[in-house]
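**Student:** Provided below are the primary sequence and the corresponding predicted coordinates.
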Amino acid sequence: MTDTGVQINELRQQTRAAQHATSFPLLVIGVLLLNYSTTGFEPTPVAWRYAGALAFVALWGLGKANEYATGVGRGRGDYLAIACGVFVATQLTLSNWIVGASWITEYRLEGMWIVIVGIGLAACGLSVRGHALVLWGAVTCVGGLAVALIGYQAWTYKGFQPFVNAGGLPFVGLQQTQIVTVLAVVLTVAGLVAFVRERRLS
């Protein structure tokens, strides 16, 4: 790589660092999952059907606040478009042809929700050319699949009610809660590490 190429690459890294393009998404999604893992995906503070999408709206807001504070424009990632995609995908999982199916359970549904957020996280990474963020999005998707698959013995749970007036779901099993909690903590710690690194680079 030429000296000019090295300088351009360093400039891109500094710009992404100043935008906190990696740390902000990891921190927001980590905190999101930690909250809902401890409440069993109960509607606290809002139902998950809105929370997943609102997390990406929050990322857009953080980007704008960072832009005003530092003068560095927000990243290429269009968080509002990603939020729209996450919202639509989440709503589809709650449609009658999904929740009315005999194969659906709370574990599979919650696993789907986590996979959708993981795809959104990976989309953020792709849009800002952040390979680390794409990798963490894939890790989140694997965590969502684990939530759906490890609870196999509970797939015939008879008390599952897809629609609860308050928007919540029955408390998930211990294994599934632990998986989401561990995933949330890992994402949050990774976000903190990335934040420190970005502060140093910027």
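**Tutor:** Yep, it's here.
**Student:** now the element after the worst-scoring helix or strand of the chain on mean pLDDT, going C-ward?
**Tutor:** Lowest on mean pLDDT, DSSP states H and E among the helices and strands of the chain sits helix 3-19, with a mean of 58. For helix 3-19, the succeeding helix or strand toward the C-terminus, using DSSP states H and E, is helix 23-38.
**Student:** relative to helix 23-38, how tilted is the helix or strand hosting residue 197?
**Tutor:** Assessed by DSSP H and E, residue 197 sits inside helix 174-201. Helix 174-201 and helix 23-38 are oriented at 160 degrees to each other (axes from the mean of the first three to the mean of the last three CA atoms, to 10 degrees).
**Student:** what average pLDDT does helix 174-201 get?
**Tutor:** Averaging pLDDT along helix 174-201 yields 89.
**Student:** elements contacting that helix?
**Tutor:** Counting contacts by 3 or more CB pairs under 8 Å, 6 or more residues apart in numbering; DSSP states H and E, helix 174-201 is packed against helix 3-19, helix 23-38, helix 106-127, helix 131-150. Every residue, glycine included, has its C-beta placed from N, CA and C.
**Student:** so which bits of it are buried?
**Tutor:** For helix 174-201, a neighbour-count test (16 or more other CB atoms under 10 Å) marks 176-177, 179-180, 183-184, 186-188, 190-191, 194-195, 198 as buried.
**Student:** and if you look at stretch 44-55?
**Tutor:** Applying 16+ other CB under 10 Å to stretch 44-55 flags 47, 48, 50, 51, 52, 53, 54, 55 as buried.
**Student:** ok, the closest residue to residue 94 other than its chain neighbours to residue 21 distance?
**Tutor:** Setting aside the residues directly before and after it, residue 94 is nearest to residue 49 in space (CB to CB, 6 or more residues apart in numbering), at 6.0 Å. Going from residue 49 to residue 21 by CB to CB, to the nearest Å gives 27 Å.
**Student:** residue ranges with poor pLDDT in the chain?
**Tutor:** Applying pLDDT under 70 to the chain flags residues 1-18, 70-77, 100, 103, 151-175, 202.
**Student:** how about a cut-off of 50?
**Tutor:** Residues of the chain that meet the criterion pLDDT under 50 lie in 6, 153-172.
**Student:** I'd guessed residue 46 sits against residue 53; true?
**Tutor:** No - applying CB atoms under 8 Å as the test, residue 46 and residue 53 come out as separate, 10.3 Å apart.
**Student:** gap between the two ends of stretch 64-84?
**Tutor:** End-to-end distance of stretch 64-84: 18 Å, with CA to CA, to the nearest Å as the criterion.
**Student:** can I get the helices and strands packed on helix 174-201 in CSV including mean neighbour count and distance to residue 80?
**Tutor:** Shown next, in CSV, are the helices and strands packed on helix 174-201 (neighbours: other CB atoms under 10 Å; distance: least, CB to CB, whole Å):
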stretch, mean neighbour count, distance to residue 80
helix 3-19, 13, 16
helix 23-38, 23, 14
helix 106-127, 23, 12
helix 131-150, 19, 17
